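A.B. asks: Okay, predicted coordinates and the sequence, questions at the end:
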Amino acid sequence: MTVSKAFWKIVLKNIGTIITYTIILVSFGTINMSSGSMTTQFEAVKPKIAVFNHDEEVGMTQNLLEYLDKNAEVQQDYAEESVKDDLFYESIVMAIDIPEGYNTDFLAGKKPELHTRTSSGYAAELAKVMLNRYLTTAQSYATLDLSADEMAEKINATLNQKVQVETLAKVDTTQFSKATRYFSFANYAILACVITIICLIMSSFNRREIRRRNLVGSVELSKMNRVLLRNSCLYSFGVWALYIIIGYFLVGGPDLMNLRGALYAANSLVFCICATTIAYLISQLVHGNNAVNAVMNIVALGSSFLCGCFVPAEYLPDFVLTFAHILPSYYYVAANDTIGGLQGLEFGDVRPVLIDMAAVAGFAVIFVIAANVVAKVKQRE
């Protein structure tokens, strides 16, 4: 039996392992995409306030009441004795007392104070901002020699001004969050699937009795190693292609059929190559199914937890992310996050992605060199 046939026979024998990790990717990847793509919906709600007016509804007092009625849910016929309880239970978020003579004092240039009582929370802060906005604007016109109608007109004109907001972001990147979460979670599936199968195959060929028989066989050891490495690369390419196809259906084809999708695919391909070199190094150090599974779990699970695959990097402690810099998964996930947030696809925009991909490729070179060194040492032994 040739080396290639033996390689693929072992792959088919362990097809269940490949299916298992693929199911994990589809199942948990889908959940992860759903949680990562959630957007917070905001609804404009008027704060509920109680107003106790002790002044006549004329002039500036009337203008203040009209402003409050426009921007809040005002309750004027309110029982004073229930204010404390309602503020505590947040049935209302603010109570405002307008003192007697408020309009007269205001037009005279004085600064009559409004007595307010508030609850805690977002709605109460919103009510404070709303009231302060009016009072600040009104005080700016209080020093002018204006009638009540003229002052109210100027205050209303100022408060009704709209600010023109220009969005700097050219692209709504929230639509790419699913792809980012899927490819980042694929870090675990790629490492587990590639390391497990390749290490099991290499362990089979590296068993002492098999290795001795191959040394006296017709196939040179260097040629056999090249064949194993070539088939390992083909296997990793097949895993990558499978996960790209799955991602096409899970994420949505149109979102990946562009340059951004090509960057996701290229980044995952480079990481698959790196995973192959990790498996090659581990196979030189560890033999036996139990040992391979233990090392695989440490590498795949450990790097996935530390580098932001399972939990987004922004939620991880700084010391964890600092340590994660020594792992290729960190740069793979960082590249995915950068791809998802790209506002443009010019070289300057894509450059950080290429740098992260180059870092992953650099790790692959290091792992190959280390594996060859270990292999030569063992061959001498």
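C.D. replies: Received, thanks.
A.B. asks: Leaving out chain neighbours, which residue sits closest to A138?
C.D. replies: I155 (5.4 Å; Cβ to Cβ, 6 or more residues apart in numbering). No exception for glycine: its C-beta is placed from N, CA and C like everyone else's.
A.B. asks: Return the distance of the strand or helix carrying A364 from the chain's centre.
C.D. replies: Using DSSP states H and E, A364 sits in helix 347-380. Computed by Cα atoms, centre = their mean, to the nearest Å, the chain-centroid distance of helix 347-380 equals 26 Å.
A.B. asks: got it, and stretch 197-205?
C.D. replies: Using Cα atoms, centre = their mean, the offset of stretch 197-205 from its chain centre is 36 Å.
A.B. asks: Surely D145 is within a strand?
C.D. replies: No - according to DSSP: H, G, I helix; E, B strand; the rest coil, the state of D145 is coil, so it is not within a strand.
A.B. asks: Count the neighbours of it for me.
C.D. replies: Here the number of neighbours of D145 (other Cβ atoms under 10 Å) works out to 7.
A.B. asks: what separates it from D105, distance-wise?
C.D. replies: To D105, D145 is 16 Å away according to Cβ to Cβ, to the nearest Å.
A.B. asks: ok, and what's touching the helix or strand where A334 lies?
C.D. replies: Following DSSP H and E, one finds A334 within helix 328-340. Outside helix 328-340, the residues that touch it by Cβ atoms under 8 Å, 6 or more residues apart in numbering are 173, 176-177, 179-180, 183-184, 187, 191, 260, 263-264, 267-268, 270-271, 274, 278, 303-304, 306-309, 313, 321, 324, 352-353, 356-357, 359-360, 363-364.
A.B. asks: who does whichever strand or helix holds I96 touch, helix- and strand-wise?
C.D. replies: Using DSSP H and E, the element containing I96 is strand 94-98. Secondary-structure packing of strand 94-98 (3 or more Cβ pairs under 8 Å, 6 or more residues apart in numbering; DSSP states H and E): strand 48-53, helix 59-71, helix 83-88, strand 115-118, helix 122-142.
A.B. asks: orientation of that strand relative to helix 59-71 in degrees?
C.D. replies: 160 degrees (axes from the mean of the first three to the mean of the last three Cα atoms, to 10 degrees).
A.B. asks: Beyond the lowest-mean-pLDDT helix or strand in the chain, next helix or strand please.
C.D. replies: One helix or strand of the chain scores below all others by mean pLDDT, DSSP states H and E: helix 208-215, with a mean of 58. Tracing the chain C-terminally past helix 208-215 and defining elements by DSSP H and E, one meets helix 221-251 next.
A.B. asks: So which bits of that next one are buried?
C.D. replies: Going by neighbour count (16 or more other Cβ atoms under 10 Å), the buried part of helix 221-251 is 224-225, 227-229, 231-233, 235-236, 239-240, 243-244, 246-248, 250-251.
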